[in-house]
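Visitor: The sequence isn't on hand, but the structure is:
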Ligand SMILES: Cc1cc2nc3c(=O)[nH]c(=O)nc-3n(C[C@H](O)[C@H](O)[C@H](O)COP(=O)(O)OP(=O)(O)OC[C@H]3O[C@@H](n4cnc5c(N)ncnc54)[C@H](O)[C@@H]3O)c2cc1C
């Protein structure tokens, strides 16, 4: 950790998950002086728990599909080009886990530009009857990244500060965290307490559990069905994940039932294929931070009190151009990636860089302010 008293940066990034690390990496690559801050360490939040599959989101046409599609292509290119050591590229078989999902898979198959083909015979032989009889799509290319490894590699050479930020201070056009100062602040704190009065930002924490197992069954491709199953890696490990639990929160103080989570994961995996001689070697748990409309968030944050004071009629449904809202100065939030943080991070970091360095406006569709008018009507 650097020792000088006041340290000046171009950007302070709070939160060293995949969003903070990827932003730090991308901004530093374009010449900005970046400080990365985290209360616990690199990838200590949801990111450290992730299976980190770089998989396309099977969704119907619309904004979400467009953005996820662009992000997915960006991510495949980004990880393979810059972090090949932490990226395992293998074919990917996505199997629908219910009839509605099956419909999505069929229409996705029809519309996608991603290369896909028939499931090779070798893979068909080890799939369960349920998996074989469900709609599926076999992509020629998928990827899994080593979550901890890639975040750590991204943060290499970036000044890292282990600080728990309690309060955000902005004085004389400068953001301050302890002795650190910068014009720009990036808030990438996932599902943790928000640090600002921004209740309108519609986020929820979704608890997830994944496991690494040893098994005598060799898995040659990525499998997504009731759970995701990684290919067997060089160390002979297969990752299985993840559970989606909207009820459990680590902030509640309640203990988490690890054995129960393991049993759920193994039972779900068994619906796809038979895994022989299983030995669970490691558990990973964490919170994803999902937005209420499933789109990620990349944008400035509305100062709700100041905006409502200026435009009190927003409370009664008066429409005000979002450009007229009052925003916290030079503060950008990245959040709400749900179960696709590793897919979205390179795309979001690129957009952040274009905004901060090249002055290209951010996409208003991703702005956290999209939740503001609806919230304001109720307050
Ligand atoms: C079990 C599981 C499996 C997953 N699998 C996949 C997958 O296969 N593919 C995929 O793309 N995504 C996956 N995800 C989702 C992905 O992990 C998340 O979308 C991603 O981690 C979000 O990253 P983040 O940087 O926004 O948040 P986080 O990783 O949660 O990082 C936030 C960081 O902010 C820090 N912080 C918070 N508050 C403060 C404060 N006040 N002061 C200092 N530091 C603070 C925290 O310590 C934390 O390190 C999975 C998630 C889970 C939990």
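Guide: Perfect, I can see it now. Keep in mind that this is a model prediction, so the values were computed, not measured. Residues are numbered from 1 along each chain as shown.

Visitor: what's residue 326 in contact with, if anything?
Guide: Going by Cβ atoms under 8 Å, 6 or more residues apart in numbering, residue 326 touches 302-303, 306-307, 310. Quick note: C-beta positions are derived from backbone N, CA and C, even for glycine.

Visitor: neighbour-wise, which of those leads?
Guide: When neighbours are counted by other Cβ atoms under 10 Å, residue 302 leads these with 26 neighbours.

Visitor: thinking that one is in contact with residue 372, fair?
Guide: Yes. With contact defined as Cβ atoms under 8 Å, residue 302 reaches residue 372; the gap is 4.9 Å.

Visitor: Let me see the ranges of the helices in the stretch 1-150 of the chain.
Guide: For the stretch 1-150 of the chain, the helices defined by DSSP state H, counting those that start in this stretch cover 18-29, 46-49, 63-82, 99-111, 121-124, 129-133, 147-155.

Visitor: Packed most tightly, which of those would that be?
Guide: Among the helices of the stretch 1-150 of the chain, helix 18-29 has the highest mean neighbour count (mean count of other Cβ atoms under 10 Å), at a mean of 27.

Visitor: Run the contact check for that helix versus the ligand.
Guide: Yes. Contact between helix 18-29 and the ligand, assessed by Cβ under 6 Å from any ligand atom, occurs at 18-20.

Visitor: what kind of secondary structure is the most centrally placed residue in the chain in?
Guide: Geometric centre of the chain, nearest residue: residue 341, 1.3 Å, by Cα atoms, centre = their mean. Secondary structure for residue 341, judged by DSSP: H, G, I helix; E, B strand; the rest coil, is helix.

Visitor: ok, it - contacts?
Guide: So residue 341 contacts 17-19, 46-47, 50, 288 (Cβ under 8 Å, 6+ apart).

Visitor: got any residues that touch both of residue 302 and residue 372?
Guide: Counting by Cβ under 8 Å, 6+ apart, the residues touching both residue 302 and residue 372 are 200, 325.

Visitor: So the residue of the chain most remote from its centre versus residue 303, what's the distance?
Guide: Within the chain, the residue lying farthest from the chain centre (Cα atoms, centre = their mean) is residue 313, at 35.4 Å. Using Cβ to Cβ, to the nearest Å, we find residue 313 at a distance of 17 Å from residue 303.

Visitor: now swap in residue 221 and tell me
Guide: Counting by Cβ to Cβ, the separation of residue 221 from residue 303 is 48 Å.

Visitor: ok, residue 320 - how many residues close by?
Guide: 15.

Visitor: Would you mind listing the residues in contact with the nearest residue to it once chain neighbours are set aside?
Guide: Closest residue to residue 320 apart from its sequence neighbours, by Cβ to Cβ, 6 or more residues apart in numbering: residue 311 at 4.9 Å. Taking Cβ under 8 Å, 6+ apart, we find residue 311 in contact with 318, 320, 324-325.

Visitor: now swap in residue 168 and tell me
Guide: Contacts of residue 168 by Cβ under 8 Å, 6+ apart are 175, 177, 185, 195-196, 331.

Visitor: Nothing else from me, thank you.
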